[in-house]
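**Student:** Okay, predicted coordinates and the sequence, questions at the end:
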Amino acid sequence: MRKELQDKLFKKYKFLEKSAEAGTMFSACGIECGDGWFDLIDHLFAEMEEISPEILITQMKSKFASLDLNFNCGTDLEKFISLSVIVDEYTEKSKWICENCGKPGSLRSIRGWLKTLCDKDYRKEEDEMNTMFPLEDRIFPKPKKEKIE
């Protein structure tokens with residue numbers, strides 16, 4: 001996620017400042033997903049903050065085409081269960097939202113990488129991948145031209 005979008009979330013949710021200073025993957029990498037999940041994450045954090053403003057986010061990323069959030073909320077089992085239910089709900093929602101633009105999306109595979117993408121972003125990413133790493137060159141290498149004298 002772009003830094004300016006992460007900054008908006010950091011200004012809005014004070015628990016993120018503490019999470020960023022905790023020496024976790026979150027403090028090293030921030031939010032590791034596309035901009036399209038910004039609104040989803042904003043709503044998720046709002047619901048989490050209502051239950052416990054003392055949350056510590058340890059990692060947040062896209063994993064296997066869905067949102068993956070790891071957190072710590074202390075030893076209160078009731079809070080942990082409530083927060084886990086919310087996180088699971090938003091993880092499920094992320095499977096239907098394009099990670100790049102936020103429009104409706106679905107599971108896509110681009111050369112083994114799984115992402116949730118809309119049709120437009122799927123075609124764009126597939127074209128970019130094919131431009132960077134042409135598949136035909138890897139499967140059927142072009143014969144080298146020999147010098148004939």
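**Tutor:** Looks like it arrived, so ask away. Numbering: from 1, shown residues only.

**Student:** What segments of the protein are strands?
**Tutor:** With DSSP state E as the criterion, the chain has strands at 31-32, 56-63, 66-72, 106-110, 113-117.

**Student:** what's the domain layout of the chain?
**Tutor:** Taking automatic domain parsing as the domain assignment, the ranges for the chain are 1-95, 96-141.

**Student:** From the opening residue of the longest one to its closing one, how far?
**Tutor:** This points to domain 1-95. Terminal residues of domain 1-95 are spaced 17 Å apart (C-alpha to C-alpha, to the nearest Å).

**Student:** Could I get the contacting residues of the closest residue to residue 129 other than its chain neighbours?
**Tutor:** Excluding its sequence neighbours, the residue lying closest to residue 129 (C-beta to C-beta, 6 or more residues apart in numbering) is residue 110, at 5.5 Å. C-betas here are computed from N, CA, C, even on glycine. Residues near residue 110 by C-beta atoms under 8 Å, 6 or more residues apart in numbering: 122, 125, 126, 129.

**Student:** Out of the residues you listed, which is nearest to residue 55?
**Tutor:** Residue 55 lies nearest to residue 125 out of these, by C-beta to C-beta, at 32.2 Å.

**Student:** shouldn't the closest one be in contact with residue 119?
**Tutor:** No: using C-beta atoms under 8 Å, residue 125 is not in contact with residue 119, being 11.2 Å away.

**Student:** More neighbours: those two, which one.
**Tutor:** It is residue 125, of residue 125 and residue 119, that has more neighbours when counted by other C-beta atoms under 10 Å, with 18 against 13.

**Student:** distance of that one from residue 49?
**Tutor:** Distance from residue 125 to residue 49, counting by C-beta to C-beta, to the nearest Å: 33 Å.
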